[in-house]
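Colleague: any chance you could fold what I've pasted below:
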Amino acid sequence: MTDTLLDAVRRYADAHADPAGFAQTPIPGLTTIRSTTPSGLLHAIPRPLVCLVLQGTKQVAMGAQTLTYQAGDSLLITADVPIVSQITRASADEPYLSLVVDLDPAVIADLSLQMEQASPVDSARVLLDPTDAEVSEAALRLMRLLDRPASVPVLHAQLVRELHYWLLAGRHGAAIRQLGWSDGHTQRIARAVSLLRQAYSEPLPIARLAEAARMSRSSFHQHFRAVTSLSPLQFQKQLRLIEARRLMLAEGASASSAAFAVGYESVPQFTREYGRLFGLPPVKDTGALRAEAAG
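Modeller: Residues are numbered from 1 along each chain as shown. Okay, here's the model as predicted:
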């Protein structure tokens, strides 16, 4: 029987998914996600990516915008924006399954030049569309490489490039091209975001972030919020809280040790801000999530 992308992702996820349902493949930037139950609300600030949903249903909210996507849909995220997601349909018989591909600005820049396309346009940062057949076929050929490990270092780059080509040739190609425009606002802000991700636990003066983006302070503030929907301080705060939650859940850290590890100097302040973001104080939140996972 002919293998489908769903078959290939299911087989890999069943064999390699961690307790959270993620399986990072040997191909850089290619990850499978599997869940046998609906989830609670999951907060994240993902890097630009495309998520191909193969089975089940998920909701993603960014600000006031909420999108529901299911088998056959692709979710495209073109900037580092905070999202809240929730798997709404999944079961042991029909788990939620998706394939995530990180978008590569260098590949996008090179392809955009060769394709001689028009200048990129500003667009929504989170987009939803039916998955193009060409994108699905390129993704399937990538997954098939995993059955022949010796082929991965030789062939994966050209297939990743092909997948990017079909995304650029699709309906939202103009929005994706922003990622490859090195002097555009999206990529300038991305340099500041990269610095924030690397040093989220440290005090980072606005002047240093603006310098990384090669902008004046006033221009940096304006464009940072336009791209990410947050101020730099709010962005750093969410990075810290998301990482603290991970430390408590995955590594068993106490609330106070997680707070200090991510850069907080005051545990009460950490507890207040954690509750505002996640809806419960740290101990109750992580206890509820553990109970949900056990159930």
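Colleague: quick one: the helices in this protein?
Modeller: Here the chain has its helices, by DSSP state H, at 5-16, 105-115, 133-145, 152-169, 173-176, 185-198, 206-213, 217-228, 232-251, 255-261, 267-278, 282-294.
Colleague: wait, which of those helices is closest to Arg89?
Modeller: helix 5-16 (15.0 Å; Cβ to Cβ). For the C-beta atoms, the positions are set from N, CA and C on the backbone; glycine is no exception.
Colleague: before we move on, back to that, quick check: which of the helices of the chain is nearest to Thr57?
Modeller: Comparing the helices of the chain by Cβ to Cβ, helix 5-16 comes nearest, at 14.5 Å.
Colleague: now do the closest one: distance to the chain's middle.
Modeller: In terms of Cα atoms, centre = their mean, to the nearest Å, the centre of helix 5-16 is set 20 Å apart from its chain centre.
Colleague: which other helices and strands contact that helix?
Modeller: Applying 3 or more Cβ pairs under 8 Å, 6 or more residues apart in numbering; DSSP states H and E, one finds that helix 5-16 contacts strand 22-24, strand 30-35, strand 49-55, strand 96-102, helix 133-145.
Colleague: which other residues reach that helix?
Modeller: 21, 23, 25, 32-34, 52, 54-55, 71, 95, 97-99, 136, 139-140, 143-144, 146 (Cβ atoms under 8 Å, 6 or more residues apart in numbering).
Colleague: mind redoing it with 7 Å?
Modeller: 23, 25, 32, 34, 54-55, 97, 99, 136, 139-140, 143-144, 146 (Cβ atoms under 7 Å, 6 or more residues apart in numbering).
Colleague: tell me the mean pLDDT for that helix?
Modeller: Computed over helix 5-16, the mean pLDDT rounds to 97.
Colleague: so for it, what gets flagged as buried?
Modeller: 5-6, 8-10, 12-13 (16 or more other Cβ atoms under 10 Å).
Colleague: what's the neighbour count on Ser91?
Modeller: For Ser91, the neighbour count with other Cβ atoms under 10 Å is 13.
Colleague: try Ala293
Modeller: 13.
Colleague: just for this protein, where's the confidence low?
Modeller: For the chain, applying pLDDT under 70 flags the ranges 1-2, 117-123, 295.
Colleague: got the domain boundaries for it?
Modeller: 5-179, 183-229, 234-294 (automatic domain parsing).
Colleague: ok, Trp33 - contacts?
Modeller: For residue 33 the amino acid is Ile, not Trp. 21-22, 98, 100.
Colleague: who wins for most neighbours among those?
Modeller: Going by other Cβ under 10 Å, Ser98 tops these with 25 neighbours.
Colleague: which strand residues bridge it?
Modeller: Ile33, Val53 (DSSP bridges).
Colleague: one step back: now the two most distant members of the buried residues of helix 5-16.
Modeller: Leu5 and Ala13 (12.0 Å).
Colleague: look at the closest residue to Leu5 other than its chain neighbours and say how many residues are nearby.
Modeller: Distance criterion Cβ to Cβ, 6 or more residues apart in numbering; nearest residue to Leu5, sequence neighbours excluded, is Leu140 at 4.4 Å. Leu140 sits with 19 neighbouring residues when counted by other Cβ under 10 Å.
Colleague: how much space separates Leu140 from Ala157?
Modeller: 17 Å (Cβ to Cβ, to the nearest Å).
Colleague: do Ala61 as well
Modeller: Taking Cβ to Cβ, one finds Ala61 at 34 Å from Ala157.
Colleague: in the contacts of Ile33, find the pair that's most separated.
Modeller: Gly21 and Val100 (11.6 Å).
Colleague: go ahead and confirm Gln59 touches Val84.
Modeller: No: using Cβ atoms under 7 Å, Gln59 is not in contact with Val84; the gap is 8.6 Å.
Colleague: grab the most central residue of this protein for me.
Modeller: Pro46 (2.8 Å; Cα atoms, centre = their mean).
Colleague: now do the phi/psi pair for it.
Modeller: phi -70, psi 160 (degrees, to the nearest 10).
Colleague: which residue packs closest to it, ignoring adjacent ones?
Modeller: Ile77 (5.8 Å).
Colleague: beta partners for that neighbour?
Modeller: On the basis of DSSP bridges, Ile77 is bridged to Leu49, Val126.
Colleague: tell me how far it lies from Gln55.
Modeller: Ile77 is 20 Å from Gln55, by Cβ to Cβ.
Colleague: higher neighbour count, those two?
Modeller: Legend: neighbour count by other Cβ under 10 Å for Ile77 and Gln55, higher for Ile77 (23 against 19).
Colleague: list the contacts of that one.
Modeller: 46, 48-49, 125-126.
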